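Colleague: what follows is a predicted structure for the sequence shown.
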Amino acid sequence: MKKAVIELMTEKNFDDITIQDIADRANINRGTIYLHYQDKYDLLDKLIEAHIYELRELGEWACRLDWSSALLPFFEYFEKNYLFFSTMLASQGAPSFRKRLFDYITEGFKDEIDKESGRNTDLSEAVMLQYTGNAYVGVIEWWIRNGMPSPPQEIAKQVGALLERSL
């Protein structure tokens with residue numbers, strides 16, 4: 001069912017997708033969908049929740065000592081789940097996805113802001129989180145929308161270097 005809804009979202013707007021479309025694509029009865037989900041919005045919400053949960057399960061969010069290594073599993077996950085992320089980031093039917101991804105990322109950055117060395121003491125934590133979170137999500141969007149023009153190792157290395165400079 002989840003794969004079916006993602007495939008359909010690559011073909012048409014989410015608002016135009018019906019439960020019958022999902023059932024037909026998944027080769028199941030409509031009733032089966034309603035056994036698991038209230039409606040197509042609930043299915044999409046659960047799908048997004050599952051991916052955010054899996055991102056959380058990857059382990060430590062980040063590490064000031066080696067950002068590149070810390071970010072690599074995340075970019076590998078984005079690559080492995082390219083269809084989902086490319087669809088969610090490109091779809092007008094899932095605007096809440098970007099916000100949920102952003103919220104997850106900024107939550108992870110909260111403990112990473114370096115105020116002990118004195119370099120960020122004059123900056124607002126809220127502004128730093130907005131700046132860094134939007135930059136990171138923006139790079140993810142760019143990378144995925146452009147067909148991942150560099151491998152996960154390279155993009156993790158570059159984003160890691162940028163994060164080391166700003167956090």
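Modeller: Done, it's in. Residues are numbered from 1 along each chain as shown.
Colleague: how far away is the residue positioned nearest the centre of the chain from residue 137?
Modeller: By C-alpha atoms, centre = their mean, the chain has its centre lying nearest to residue 101, at 4.5 Å. In this view, residue 101 and residue 137 are 6 Å apart by C-beta to C-beta, to the nearest Å. The C-beta positions use only the backbone N, C-alpha and C, and glycine is treated the same way.
Colleague: same check on residue 12?
Modeller: Separation of residue 12 from residue 137 (C-beta to C-beta): 25 Å.
Colleague: go on, residue 70?
Modeller: Noted for residue 70: a distance of 17 Å to residue 137, by C-beta to C-beta.
Colleague: re the thing from before, compare residue 12 and residue 137 (neighbour count), which wins?
Modeller: Neighbours were tallied for residue 12 and for residue 137 using other C-beta atoms under 10 Å; the higher tally belongs to residue 137 (18 against 12).
Colleague: from residue 130, how far off is the more buried one?
Modeller: Residue 137 sits 11 Å away from residue 130 when distances are taken as C-beta to C-beta.
Colleague: quick one, grab the pLDDT at residue 2.
Modeller: Here the pLDDT value assigned to residue 2 is 93.
Colleague: please name the nearest non-neighbouring residue to it.
Modeller: Nearest non-adjacent residue to residue 2, counting by C-beta to C-beta, 6 or more residues apart in numbering: residue 47, 4.9 Å away.
Colleague: quickly find the element holding the one you found.
Modeller: Element membership for residue 47, per DSSP states H and E: helix 40-56.
Colleague: noted, bye for now.
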